[in-house]
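coords below, sequence missing:
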């Protein structure tokens, strides 16, 4: 599959659900979506477009919420597509994509632990990185931490 | 009755302290729990307090073995954000450093794998030849480890023309050694029975767990950042993607041995094609925006993501090492395997090795220790010895 085919497949399938499509350059693409559509996007990319989930990175913004980037690439193509969702504080919540992509389990636990984003429907929402006696409600990657 | 064999948190088979809890029934592993966090150093948080130039040194300290892969991904992310490209000569130098690192890392892994299977000769040989690679590093960078070569927009030191003939002849000396390893490992019937069909990760599992590097390529997932998203000088030199389909420990070992030939090919081509020229762009600032950088480390894809607000410091720095995804796949690779093979399977994922040993087996009923860490290595070696006897190789 070529990148052009993948790009038109995504745009055809999701249309208005794509809130923003920005090409930083030819191989780095950022797509804004609604958090509620995340699982559907992930399923489409992973199962139908042969995407590989690289990792997710979350970022506490000064705009009153947390931005989460889900980075994907495609078999033997140079493009990295980052789905970007914005979840509002004080109680940021996002659906887990671990049901679709097993490999996302750990990073979702990490984001929950370091940024205090509640991940709904996570198969194993346990503590991952911080010490067992880490104070509750203290999220080290929040801006106010 | 099900027993738990804890491996870790500190164990010489593991890159950093991690805790594997093997649930075993008799000799068979039925479940694996993995616990992380014993070596969580908060590097991402720390990076937000460092200038862009300092960040490269900081991420070089994420891993002691593949210390240049993180700077490689890091400078790529910064250059992506700033939309600049380093000069051609710098790209060649970076490629040489990255491939030398792959050579030393694969030799290190091979030695350790041999050691834990009871093949101490393989261990001593491969570490002997790893010295050659470290010597080349010392000549080029001044350091045997943590080379401090990379910066956004270029490299910090040039390769002197006068050193190139010596580097070439050192590499030539390595080739017969790799031939020897290839023979010793890939043609040995005992090693075959010890590693073939062990710890299999199917192609589907490899995709589901999103594994990278030699682990993915051993399971038939043909991904390699050097080919798929060519960076530095990888697009300008000729080399092959090494892919196997068996997905077992043997395939993972074979991939690493065969990749060493490709690394030497790449280094030789770089030294040949490299032309005199500038090595640094003197990048002064990273403009606001996001940058993605990835590089193929010896263990697989390293992924860095930076967010800049135009100031001297990153707003957010995300670094994902290949082991973060590869170790999780142990959950699938270990189940159904024998305890004597478990240590080998965990090691075949090639987490780096640096820690001291603390491993015991506890009988769930009595809470009494039944197997020490030394015992696990001993039963692994006993299995090799028994196979050697049975196959007439002892």
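Yep, it's here. Note that this is a predicted model, so its numbers are computed, not measured.

what stretches of the stretch 51-200 of chain B score poorly on pLDDT?
By pLDDT under 70, the stretch 51-200 of chain B has no low-scoring segment.

list the contacts for the residue of it found nearest chain A?
Using CB to the nearest CB, the closest approach of the stretch 51-200 of chain B to chain A is made by residue B:80 at 6.2 Å. C-betas here are computed from N, CA, C, even on glycine. Residues in contact with residue B:80, defined by CB atoms under 8 Å, 6 or more residues apart in numbering or on different chains, are A:24-25, A:28, B:291-293.

cutoff 10 Å now
A:24-25, A:27-28, A:80, B:231, B:289-294, B:304-306 (CB atoms under 10 Å, 6 or more residues apart in numbering or on different chains).

Who's the closest spatial neighbour of it, skipping the chain neighbours?
residue B:291 (4.0 Å; CB to CB, 6 or more residues apart in numbering or on different chains).

Quick check: phi and psi at that neighbour.
With angles defined as degrees, to the nearest 10, residue B:291 sits at phi -140, psi 140.

Which strand residues bridge whichever residue of the stretch 251-394 of chain B sits closest to chain A?
Nearest residue of the stretch 251-394 of chain B to chain A (CB to the nearest CB) works out as residue B:318 at 3.6 Å. Beta-bridge partners of residue B:318, counted by DSSP bridges, are residue B:305.

Might one say that it is in contact with residue A:115?
No - contact criterion CB atoms under 10 Å: residue B:318 and residue A:115 do not qualify, at 11.3 Å.

Show me whatever sits in contact with both of those two.
Joint contacts of residue B:318 and residue A:115 (CB under 10 Å, 6+ apart) are A:58-59, A:141.

which residues touch residue B:253?
By CB under 10 Å, 6+ apart, the neighbours of residue B:253 are B:106, B:109-110, B:113-114, B:181, B:185-186, B:191, B:195, B:214, B:218, B:348, B:350.

same check, this time on residue B:256
Per CB under 10 Å, 6+ apart, neighbours of residue B:256: B:102, B:105-107, B:109-110, B:113, B:181, B:185, B:213-214, B:217-218, B:242, B:298-299, B:348, B:350.

Just the strands from the chain, written as ranges.
Went with chain A since none was named. A:20-25, A:28-32, A:51-60, A:65-74, A:80-88, A:93-95, A:118-120 (DSSP state E).

nope, chain B please
B:2-7, B:19-25, B:28-35, B:150-151, B:154-155, B:289-297, B:300-308, B:314-320, B:360-362, B:369-372.

Out of these, which one sits most buried?
strand B:300-308 (a mean of 27; mean count of other CB atoms under 10 Å in any protein chain shown).

Next, the angle strand A:51-60 makes with that one.
On the basis of axes from the mean of the first three to the mean of the last three CA atoms, to 10 degrees, strand B:300-308 is oriented at 30 degrees to strand A:51-60.

Could I get the average pLDDT for strand B:300-308?
Averaged over strand B:300-308, pLDDT sits at 95.

distance between it and the chain's centre?
Here the centre of strand B:300-308 is set off from its chain's centre by 17 Å, with CA atoms, centre = their mean, to the nearest Å.

ok, the nearest residue to residue A:45 once chain neighbours are set aside - contacts?
Spatially, and ignoring its direct neighbours in sequence, residue A:45 is nearest to residue A:51 (3.9 Å; CB to CB, 6+ apart). By CB under 10 Å, 6+ apart, the residues touching residue A:51 are A:6, A:10, A:41-42, A:44-45, A:71-75, A:77, A:79, A:81, A:101.

which of those residues are buried?
Buried by 16 or more other CB atoms under 10 Å in any protein chain shown: A:6, A:10, A:41-42, A:44-45, A:71-74, A:77, A:79, A:81, A:101, out of the contacts of residue A:51.

tally of neighbours for the nearest residue to residue B:239 once chain neighbours are set aside?
Setting aside the residues directly before and after it, residue B:239 is nearest to residue B:262 in space (CB to CB, 6+ apart), at 4.6 Å. Residue B:262: 18 surrounding residues under other CB atoms under 10 Å in any protein chain shown.

Please list all residues in contact with residue B:262.
B:99, B:102, B:224, B:226, B:238-242.

In JSON lines: those residues, plus neighbour count.
Shown next, in JSON lines, are the contacts of residue B:262 (neighbours: other CB atoms under 10 Å in any protein chain shown):
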{"residue": "B:99", "neighbour count": "30"}
{"residue": "B:102", "neighbour count": "26"}
{"residue": "B:224", "neighbour count": "25"}
{"residue": "B:226", "neighbour count": "23"}
{"residue": "B:238", "neighbour count": "8"}
{"residue": "B:239", "neighbour count": "18"}
{"residue": "B:240", "neighbour count": "12"}
{"residue": "B:241", "neighbour count": "14"}
{"residue": "B:242", "neighbour count": "19"}
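
gap between the two ends of stretch B:194-201?
16 Å (CA to CA, to the nearest Å).
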